[in-house]
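Peer 1: Turn this into a structure:
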Amino acid sequence: MKKIILLLILAFPIIALAQEKKEKKTSTKFYGFVKNDFFVDSRQTVSAREGHFLLFPKPISEDADGNDINSHSSFNFLSIQTRVGVAISGPDVLGAKTSAKVEGDFFAQANDNINLLRLRHAYIKLNWENTELLMGQYWIPMFITDAYPGTVSFNTGSPIQPFGRSPQIRLTHKMGGLKLIAVASSERDYASRGIAGTTGEYLRNSMMPEFNGQVHFSPSKAFVAGIGAAYKQITPEIITGQGYATDQTVGGYNAIAFFKLKTTGITIKMEGIYGQNIPDVLSIGGFAVTDSTDLIKGFVEYSPISTMSAWTDIHTNGKTWQAGVFAGYTKNLGSENDIVGPMYGLGTNIESLYRVSPRLIYKNGPFKLAFEVGYTVANYGSSYDIKGVPTNLTAADNTRFLLATYYSF
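Peer 2: Prediction:
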C-alpha cells in the first residue's frame, strides 16, 4: 500500500504536466480598441449611423426661393466603431490546426439600435500545410485584406471601394508565391436592394450563392497583386404585382485587379473594379426592368446596371508619424439593354463620383490620433438616357473634417 501511495506521489507531477500540456492546446486572446470620431460635414450627406459611415453628399434640392436645402452643414461625435473580439486556437482536427474568431462593435444594424453590439466576424478556420478552409462571417471577397485603403474614415473609400462582410465558405490554397481562393457566399447585413427594399431574400430565393474566384501573387512581403471575378444571381420577386408566381432572375458579374507595393519609406496600393448590380457592397448601381413580357400578369425581365471604379492609396511608413492620401473615382455605365421600367439600387441617379482624402496619423504605443479631410463630389442627373445613365448633370460636393482617437488593447 505504501509503495502504491509513493508511486502516485511521484507520478503526480507527470500527470499534472500532461494535463497542463493538454490545456495549453486551447488558447483564448481578447483584443480590440476604443475609437472616438469627431466630424463636421459642409453639406447634408447620404450616410449610415447618424452620419458616421459616409457615402456621398445629397443632391441639390431647392426650395421655393431657390435656396439649396441640403447645403446645411452638420457635426457629430460618436464612439460606435469601438471594437472587441476574441481569437481562439484549439487542438488539431483532421490533421489541420483549428482556430475561431468572434468580433463585434457597437455600430448596430440601423439607426434605431445604434450603440448596441453587432456581429462583425464569426468564423472557424481549418489550416493544413498549404490549404485553409474558412467557414462563417468574414470580409466580402472584393475587400482585399492585404491591400485596402488606409483611410481614417470607417467607410474605407466606399462607395468606390466595395465594402461589407458576408456569411461564406472560403477555400484558400497556397503554391509558393501564388494563392488560389474560391468563395461561396450569401448576404446578411450587407444585402441586395430591390422591390422589397434591402434584404438578402433576393439572393436566397435564387437558390444559388454568389461564387467568387481569385488569384493572388506575392513573391515577397513587400509586394502583392491579384485578380478576381465573381457571379451573382438574384430573384427580385416571387409574385408579380398582379398576383402571379414568377421566378425571373437577374445575374451580374464583377471583377477586380489590385496591387500593393511596400518600400522602406512608402506604401502604394491601387485597385480597379467592374461590377454589375453591386449595391450589396455599397457601390452605386443596381438593376432595372428592361422588358415587359406579359402586361396582364405582370411578367418582366431585368438587366443589371454596371459600375466601374478605380482608387489609389499612398502613405508613408513612419513608426510615429504617418501621412497618406486616398483618391478614387466611380462611374455609372448603365445597362446593356434599354430600360423600360423602374430601377432599383443605390445612387442610381449619380453619373459619377470622386473623392480625395489626405490624412495625418500620430501613433504612440496603444494610442493613435488621426486627422483626415475628405472631399467628395457627386454628379447627379435630373434625367436618364435609354440605358439608365444619368444626364443633365449637377455637381454636389461635401467636405468632411474628421478627428479620430484610438486606444488599442
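
Peer 1: which stretch of helix or strand covers the closest residue to residue 335 other than its chain neighbours?
Peer 2: Using CB to CB, 6 or more residues apart in numbering and skipping the chain neighbours, the partner closest in space to residue 335 is residue 303 (4.5 Å). C-beta: built from backbone N, CA, C; applies to glycine. Taking DSSP states H and E as the definition, one finds residue 303 inside strand 299-316.

Peer 1: Can you show me the helices along the chain?
Peer 2: 2-23, 201-205 (DSSP state H).

Peer 1: weakest of these by average pLDDT?
Peer 2: Among the helices of the chain, helix 2-23 carries the lowest mean pLDDT, at a mean of 46.

Peer 1: how long is stretch 272-283 from one end to the other?
Peer 2: 13 Å (CA to CA, to the nearest Å).

Peer 1: Check the offset of that stretch from the chain's centre.
Peer 2: 11 Å (CA atoms, centre = their mean, to the nearest Å).

Peer 1: residues of that stretch that come out buried?
Peer 2: Under the neighbour-count criterion of 16 or more other CB atoms under 10 Å, stretch 272-283 has 273, 274, 275, 276, 277, 278, 279, 280, 281, 282, 283 buried.

Peer 1: got the contact list for the spatially closest residue to the fourth one that is not a sequence neighbour?
Peer 2: For residue 276, the nearest residue in space outside its immediate sequence neighbours is residue 252; the separation is 3.2 Å by CB to CB, 6+ apart. By CB atoms under 8 Å, 6 or more residues apart in numbering, the residues touching residue 252 are 231, 232, 233, 275, 276, 277, 278, 287, 304.

Peer 1: Could you point out which of these is nearest to residue 408?
Peer 2: Distance to residue 408, by CB to CB, is smallest for residue 278 among the contacts of residue 252, at 32.2 Å.

Peer 1: per-residue confidence for that closest one?
Peer 2: pLDDT, read off for residue 278, is 98.

Peer 1: Do you know the pLDDT at the most centrally placed residue in the chain?
Peer 2: Residue closest to the average C-alpha location in the chain (CA atoms, centre = their mean): residue 163, at 1.9 Å. Listed pLDDT for residue 163 reads 97.

Peer 1: Quick check on it: phi, psi?
Peer 2: Backbone torsions for residue 163, taken as degrees, to the nearest 10, come to phi -140, psi 140.

Peer 1: so what's the closest residue in space to it that isn't next to it in sequence up against?
Peer 2: Sequence neighbours aside, residue 282 is the residue nearest to residue 163 in space, at 4.9 Å (criterion: CB to CB, 6+ apart). By CB under 8 Å, 6+ apart, residue 282 lies in contact with 55, 155, 158, 159, 162, 163, 164, 190, 346.

Peer 1: who touches the nearest residue to residue 380 once chain neighbours are set aside in this structure?
Peer 2: Leaving aside its chain neighbours, residue 380 sits nearest to residue 59 (4.2 Å; criterion: CB to CB, 6+ apart). By CB under 8 Å, 6+ apart, the contact set of residue 59 is 70, 349, 378, 380, 394, 396.

Peer 1: was I right about the last one contacting residue 69?
Peer 2: No: distance between residue 396 and residue 69: 11.7 Å, which falls outside the contact criterion (CB atoms under 8 Å).

Peer 1: Neighbour count for the two, which is higher?
Peer 2: Using other CB atoms under 10 Å, the more surrounded residue of residue 396 and residue 69 is residue 396, with 23 against 11.

Peer 1: tell me which residues form a beta bridge with the more buried one?
Peer 2: Assessed by DSSP bridges, residue 396 has beta-bridge partners residue 378.

Peer 1: Residue 101 now?
Peer 2: residue 87, residue 123.

Peer 1: For it, list the residues it contacts.
Peer 2: Contact analysis of residue 101 by CB under 8 Å, 6+ apart lists 85, 86, 87, 88, 121, 122, 123, 125.

Peer 1: With residue 170 instead?
Peer 2: The contact partners of residue 170, by CB under 8 Å, 6+ apart, come to 132, 133, 134, 135, 138, 141, 181, 182, 183.

Peer 1: where's it relative to residue 148, distance?
Peer 2: Note on residue 170: its distance to residue 148, by CB to CB, to the nearest Å, is 17 Å.

Peer 1: Tell me how many other residues crowd the nearest residue to residue 104 once chain neighbours are set aside.
Peer 2: Of all residues not flanking residue 104 in the chain, residue 117 sits nearest, at 5.0 Å (CB to CB, 6+ apart). Applying other CB under 10 Å, we find 12 residues neighbouring residue 117.

Peer 1: What is the burial count for the nearest residue to residue 286 once chain neighbours are set aside?
Peer 2: Leaving aside its chain neighbours, residue 286 sits nearest to residue 345 (1.6 Å; criterion: CB to CB, 6+ apart). Here the number of neighbours of residue 345 (other CB under 10 Å) works out to 24.
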